[in-house]
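**Student:** A structural model of the following input is requested.
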Amino acid sequence: MKLWCPLLALFLQASPVATAVATAASLSAASSSVFLDEASLRALEQSLPPAVRRARSASSSSSGGGRSAAREGGGDNAHGVRPHFGEGQPEVISFGIFAKQVFDIDFVKGTFKADMVVTLRWKDPRVTSQLKGLGESKVTLPLEDARRRIWLPNVMVSNRDLYGFDIISTAVTVDAGGTVEKVERILANLQSNFGTASFPFDRQELHATLASAILMSNELLFEPLKEDPYSGVTEGAMNTSNFNLVSWKLGTFIEVDGRLRKSRAELRLVVDRRSWPHIQSLIVPKLLVLAIACSVFWLPPLAAFVMPRVATAVISFLTLTTLGLSTNSMVPIRGPGGMSWIDLFENSCQTIVLFTLLLNILVLIVFHSFKEEAIGYRMDYELSLASIAVALLIFSGCFYVRDGSSLFLLSVCNLVVCSGGSLAYFLLTVFRVRESIRKKSKESAESSA
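**Tutor:** Below you'll find the model as predicted:
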């Protein structure tokens, strides 16, 4: 009999379509025979041509057998017809998103990975026919079996990255009240727009967004499930990331893009960056280089120390420029203003070191070219204190405004403080040198007289 089934399938494929009804009727009779079990009959049905399968379905419906009653609820499902089609109301899908783990938050690519459980629940009165004869009030079906028997909303994670979506497990539960619940565990690589203005003291929002791949907002709407087991974030879900969870929220919205009008559901996570590792790797090294650059004023302005003083300031400036490259590799895309907090900090450090280099040269010129040693020593003492005061003033403003606001204004203020203070000190030095030269000339004239 196992050999008879393939031969019958070949015969049916070679038969004209006009004999489909007769063939389907004979197959129905064969299905009741003791020689064909359910698995063989299903394999035989799958091997039939489409025309024969349609004819068999029509014949089974007209005969009114028990098998046609079992398939009646799935007839519309096979064509993707939703439960309330033609009634003028959309399907309401209750949803829940539970984040088990959030990790690999990539600031450069604008992506993060999430291991989450998605729950969808909706009403479909047609599914009650699937439970008849089973004696059970609730049945859990595997995904492939559920697709053949009932209507399923084709809901996808809409902000997933390319090839960044993997379904780990899926179960569909049907109860006698017509409620269908689909629970799916998903490992997804999701896209997100990260703000860079306040880096590394930034607060970010991570979104996991769901949407129907087929139905518009007038056909399908989302509403959140309020029960605790369905939505939330596992304690310690972000332990392997560089962020701390602040809050989470479940919500829905309708997004309109031209003719595309979709109802979307989302889980929004508000997270704060753990700033201390970035302070150690980005901020502290720059402050140390700045301190080394300002230490040149503590070296005597003698001829033996001219080269160390100039080289220290120049190397410090080049070191700050090199350290800035590591920051660019971590935050390559800037915000709308074109600047982040770390950029302001680096520009402030470079500005202080640059004017330290220029004022150091001014001290050496006064000391060696004009032979004003007393003024040179006095300048070293004044600049050693002034550099510390200016750095404290500038960095106080930087660390006071860490939310990324008014970055351009602060940058201009820091530049004005450094350039304006340096220019004022240069003019004061010129005045001192001229007065000293005039005084020496007067003393020389009086002594010669």
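
**Student:** Could you give the separation of the biggest helix by length in the chain from the chain centroid?
**Tutor:** With DSSP state H setting the assignment, residue counts place helix 407-448 as the longest helix in the chain. Taking C-alpha atoms, centre = their mean, to the nearest Å, one finds helix 407-448 lying 53 Å from the centre of the chain it belongs to.

**Student:** which residues touch Leu364?
**Tutor:** By C-beta atoms under 8 Å, 6 or more residues apart in numbering, the residues touching Leu364 are Pro301, Val306, Arg309, Val310, Gly376. In short, each C-beta sits where N, CA and C put it, glycine included.

**Student:** Weed out the non-buried ones from the residues you listed.
**Tutor:** Neighbour counting by 16 or more other C-beta atoms under 10 Å classes Pro301, Val306, Arg309, Gly376 among the contacts of Leu364 as buried.

**Student:** Show me where this protein has its strands.
**Tutor:** 91-106, 111-123, 138-141, 155-157, 160-175, 179-191, 203-212, 220-224, 232-233, 243-257, 260-273 (DSSP state E).

**Student:** Kindly provide the whole-number mean pLDDT of the second one.
**Tutor:** I take that to be strand 111-123. For strand 111-123, the mean per-residue pLDDT is 96.

**Student:** From Leu245, how far out is Gly232?
**Tutor:** 11 Å (C-beta to C-beta, to the nearest Å).

**Student:** higher neighbour count, those two?
**Tutor:** Ranked by neighbour count (other C-beta atoms under 10 Å), Gly232 and Leu245 place Leu245 first, with 20 against 16.

**Student:** ok, how many other residues are close to the residue lying closest to Gly404 once chain neighbours are set aside?
**Tutor:** Closest residue to Gly404 apart from its sequence neighbours, by C-beta to C-beta, 6 or more residues apart in numbering: Ala197 at 2.9 Å. By the criterion of other C-beta under 10 Å, Ala197 has 19 neighbours.

**Student:** Surely Ala197 is in contact with Ser406?
**Tutor:** No: with contact defined as C-beta atoms under 8 Å, Ala197 does not count as touching Ser406 (10.3 Å).

**Student:** Count the residues that sit near Phe426.
**Tutor:** 13.

**Student:** so how far is Val314 from it?
**Tutor:** Distance from Phe426 to Val314, by C-beta to C-beta: 20 Å.

**Student:** Relative to Ser419, how far out is Pro308?
**Tutor:** Pro308 is 26 Å from Ser419, by C-beta to C-beta.

**Student:** Repeat that for His368.
**Tutor:** 25 Å.

**Student:** before we move on, what about Asp272?
**Tutor:** 36 Å.

**Student:** How about Arg82?
**Tutor:** 68 Å.

**Student:** So the two - more neighbours on which side?
**Tutor:** Arg82 (20 against 14).

**Student:** show me what contacts the more buried one?
**Tutor:** So Arg82 contacts Glu91, Trp151, Pro153, Leu215, Glu219, Leu220 (C-beta under 8 Å, 6+ apart).

**Student:** 7 Å - rerun?
**Tutor:** Applying C-beta atoms under 7 Å, 6 or more residues apart in numbering, we find Arg82 in contact with Glu91, Trp151, Glu219.

**Student:** now do Lys123
**Tutor:** Pro83, Gly178, Thr179.

**Student:** Report the separation between it and Ser217.
**Tutor:** 18 Å.

**Student:** go on, Ser340?
**Tutor:** Distance from Ser340 to Ser217, by C-beta to C-beta: 37 Å.

**Student:** Neighbour count for these two, which is higher?
**Tutor:** Ser340 (23 against 19).

**Student:** unless I'm mixing things up, the more buried one is touching Gly195, no?
**Tutor:** No: with contact defined as C-beta atoms under 7 Å, Ser340 does not count as touching Gly195 (9.0 Å).

**Student:** Contacts made by stretch 231-239 with the rest, please.
**Tutor:** 96-102, 224-225, 244-245, 248, 250, 267, 269, 271.

**Student:** Tell me how many other residues surround the nearest residue to Ser281 once chain neighbours are set aside.
**Tutor:** Excluding the flanking residues, the one nearest Ser281 by C-beta to C-beta, 6+ apart is Ser326, at 8.0 Å. Burial measure for Ser326: 11 neighbouring residues, criterion other C-beta under 10 Å.

**Student:** residues touching Ala265, list them.
**Tutor:** Ala265 touches Phe95, Leu210, Phe222, Thr252, counting by C-beta under 7 Å, 6+ apart.

**Student:** Let's test this: mean pLDDT of stretch 264-273, rounded?
**Tutor:** 96.

**Student:** Contacts for stretch 303-317, please.
**Tutor:** So stretch 303-317 is contacted by Val289, Ile292, Ala293, Val296, Leu299, Gln350, Val353, Leu354, Thr356, Leu357, Asn360, Leu364 (C-beta under 7 Å, 6+ apart).

**Student:** Can you select the buried ones among these for me in PyMOL?
**Tutor:** One line in PyMOL is enough to select the buried ones among the contacts of stretch 303-317; burial here means 16+ other C-beta under 10 Å:
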select buried, resi 289+293+296+299+350+353+354+356+357+360+364
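
**Student:** could you dump the contacts of stretch 303-317 to a markdown table with pLDDT?
**Tutor:** Shown next, in a markdown table, are those (pLDDT from 0 to 100):
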| residue | pLDDT |
| --- | --- |
| Val289 | 96 |
| Ile292 | 96 |
| Ala293 | 96 |
| Val296 | 95 |
| Leu299 | 94 |
| Gln350 | 95 |
| Val353 | 96 |
| Leu354 | 95 |
| Thr356 | 96 |
| Leu357 | 95 |
| Asn360 | 96 |
| Leu364 | 96 |
